[in-house]
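K.L.:
Just the structure for this:
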Amino acid sequence: DSMQKQLHQELMEKLVLCISKRTSEFQDQTKIFRILAKLRLQCSLPTGLETSPKITEALNRIQSLAPDHKVVVFSEWRKVLRSLQKELKHFQIDHVFLHGQMTGDQRDSVVRDFRENPNCRVFLSTDAGSSGLNLQVADTLFNLDIPWNPATLKQRISRIHRLGQKKPVQIFNLLMKD
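P.N.:
Prediction:
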């Protein structure tokens, strides 16, 4: 998408400018990491847009799966997952959403619904759900973004690729071209 590329290029220019104008090391690092986070978010959901190629691709692949496949979708950003959630609602695909602002009871209810409700096909989660959950009822995982820490990526995958898994597991790491 040309608008997405333009927004990404503008952020890249800010990053180059920030790196070339080194002042206080702490200030620079904070600014650099802030710009890098914006660049990463831009690849998943461009500023001012309600969807993105990653969300469209994930939705198309989810729709193409047989109804007996359950799917886990991770993103670092709730905003990105909310965008996919809107699409899932539009196409009447039953799903749940787990994020870090939920109580323990809410988290348990979401996990239980995903595991036990055969109609609930998609589990949307921020990294709040990347550890400690047994979701081997799912056999497909989408990473809408790749975390900085490889251990977090491994934790995400380990939610479905674990003891008790009865089906072959598919992992999709969605990346933007260029």
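K.L.:
Look up which helix or strand the nearest residue to residue 19 once chain neighbours are set aside falls in, please.
P.N.:
Counting by Cβ to Cβ, 6 or more residues apart in numbering, the nearest residue to residue 19 once its immediate chain neighbours are dropped is residue 32, at 6.7 Å. In this view, the C-beta of every residue, glycine as well, is placed from N, C-alpha and C. Using DSSP states H and E, residue 32 sits within helix 25-44.
K.L.:
Report how many residues lie close to the residue nearest to residue 19.
P.N.:
Using other Cβ atoms under 10 Å, residue 32 is surrounded by 15 other residues.
K.L.:
pLDDT score assigned to the most centrally placed residue in the chain?
P.N.:
The centroid of the chain falls nearest to residue 75 when counting by Cα atoms, centre = their mean (1.8 Å). Listed pLDDT for residue 75 reads 95.
K.L.:
show me the contacts for it.
P.N.:
Listed by Cβ atoms under 8 Å, 6 or more residues apart in numbering, the contact partners of residue 75 are 44, 81, 84, 124, 126, 143-145.
K.L.:
measure it to residue 144 for me?
P.N.:
Per Cβ to Cβ, to the nearest Å, residue 75 is found 4 Å from residue 144.
K.L.:
quick one: common contacting residues for these two?
P.N.:
44, 81, 84.
K.L.:
Can you list the buried residues in stretch 160-167?
P.N.:
160-161 (16 or more other Cβ atoms under 10 Å).
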